[in-house]
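A.B. asks: fold the following for me, if possible:
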Amino acid sequence: MKIVLVDDHEIMREGMCALLQKRPDMQVVGQAADGRIAVTLVEELRPDIVIMDIGMPNLNGIDATQQMIANNPHLKVMALSTHSDGAIVARMIKAGATGYMLKESAFAELVNGLDAMMSGKTFLCSRIAKVVFSDYINMVTNPNWQGGDGLTSREREVLQLVAEGHTTKDIAKILLLSPKTVDSHREHIMEKLDIRTIAGLTKYAIREGLTNP
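C.D. replies: From the prediction side, this is the model:
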């Protein structure tokens, strides 16, 4: 089982790597500290599984997962996050993740999850399973329930970079867009979210798990 670890905290990656390498059937072939680097790394290394944090700089784990799966449909992604909010879990699963665990979970549960995913199953740690079930009950009992914020993948990328303090020029360079296109995306984001300030967008991005405080 070839694994790539993606987390912006080096101590977290190194600790997990040390534990995984003790398993004879698991090999950590690469590590990345942000989503954008991770997407490139997966293209180069072609791992079986990516263990993915969600709140990371430059490109969050949700959009990184979506890009990885689009290019590698058979890739398995295990989200490993501090976020237990149902909306964030739903976005990660919609992006293509087949596993979701909280960082507070035991290592043995992570290993069980990786084994389950390699056998073609989905895996949620016990606490996340309760959240998902609760949200599902709310959805099926409330016909007016709607999930998601209506943002496109590109708009979420722009939102994250805006929230992280990048200028229009910086964002245009990172995403290979024109400054005018970036400004247009930002206007659409503000209209869809009904948020008119950068501070408001930043608070929203942090709350939704697109970036860290």
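
A.B. asks: give me the next element, helix or strand, following the strand or helix carrying residue 127.
C.D. replies: Assigned by DSSP states H and E, residue 127 belongs to helix 126-141. Downstream of helix 126-141, the first helix or strand assigned by DSSP H and E is helix 153-163.

A.B. asks: tell me the mean pLDDT over that next one?
C.D. replies: Here helix 153-163 scores 92 as its mean pLDDT.

A.B. asks: got the contact list for that helix?
C.D. replies: 58-60, 62-63, 66-67, 151, 170-171, 174-175, 182, 185-186, 188-189, 192, 198, 201-202, 204-206, 210-211 (Cβ atoms under 8 Å, 6 or more residues apart in numbering). Where you see a C-beta, it was placed from the backbone N, CA and C, and this is true even at glycine.

A.B. asks: do the same with stretch 193-212
C.D. replies: Contacts of stretch 193-212 (Cβ under 8 Å, 6+ apart): 8, 54-57, 60, 62, 81, 83, 85, 87-88, 91, 149, 151, 156, 159-160, 162-164, 189-190, 213.

A.B. asks: just the buried ones from those, in ChimeraX syntax?
C.D. replies: Buried members of the contacts of stretch 193-212, defined by 16 or more other Cβ atoms under 10 Å, are picked up in ChimeraX with:
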select :8,54,55,56,57,60,62,81,83,87,88,91,151,156,159,160,162,163,164,189,190
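
A.B. asks: quick check: the gap between the closest residue to residue 7 other than its chain neighbours and residue 61.
C.D. replies: Among residues not flanking residue 7 along the chain, residue 53 sits closest, at 4.1 Å (Cβ to Cβ, 6 or more residues apart in numbering). Applying Cβ to Cβ, to the nearest Å, the value for residue 53 to residue 61 is 5 Å.

A.B. asks: likewise for residue 203?
C.D. replies: Applying Cβ to Cβ to residue 203 and residue 61 gives a distance of 19 Å.

A.B. asks: any weak-confidence spans in this structure?
C.D. replies: Segments of the chain classed as low confidence (criterion: pLDDT under 70) are 133-149.

A.B. asks: quick one, helices of it?
C.D. replies: 10-20, 35-45, 61-71, 86-95, 107-118, 126-141, 153-163, 168-175, 179-193, 198-207 (DSSP state H).

A.B. asks: so which other helices or strands are in contact with the fourth one?
C.D. replies: Going back to what we said before, that points to helix 86-95. With contacts taken as 3 or more Cβ pairs under 8 Å, 6 or more residues apart in numbering; DSSP states H and E, helix 86-95 sits against helix 61-71, strand 76-81, strand 99-102, helix 126-141.

A.B. asks: pull the CA atoms of the first one into CSV?
C.D. replies: Extracted C-alpha coordinates of helix 61-71, given in CSV (Å, rounded to 0.1, in the frame of the first residue of the first chain):
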residue,chain,number,x,y,z
GLY,A,61,-7.8,19.5,1.2
ILE,A,62,-11.3,19.5,-0.3
ASP,A,63,-10.4,21.1,-3.6
ALA,A,64,-7.0,19.2,-3.7
THR,A,65,-9.0,15.9,-3.3
GLN,A,66,-11.3,16.9,-6.1
GLN,A,67,-8.4,17.6,-8.5
MET,A,68,-6.6,14.4,-7.5
ILE,A,69,-9.7,12.2,-8.1
ALA,A,70,-10.4,13.9,-11.4
ASN,A,71,-6.9,12.9,-12.7
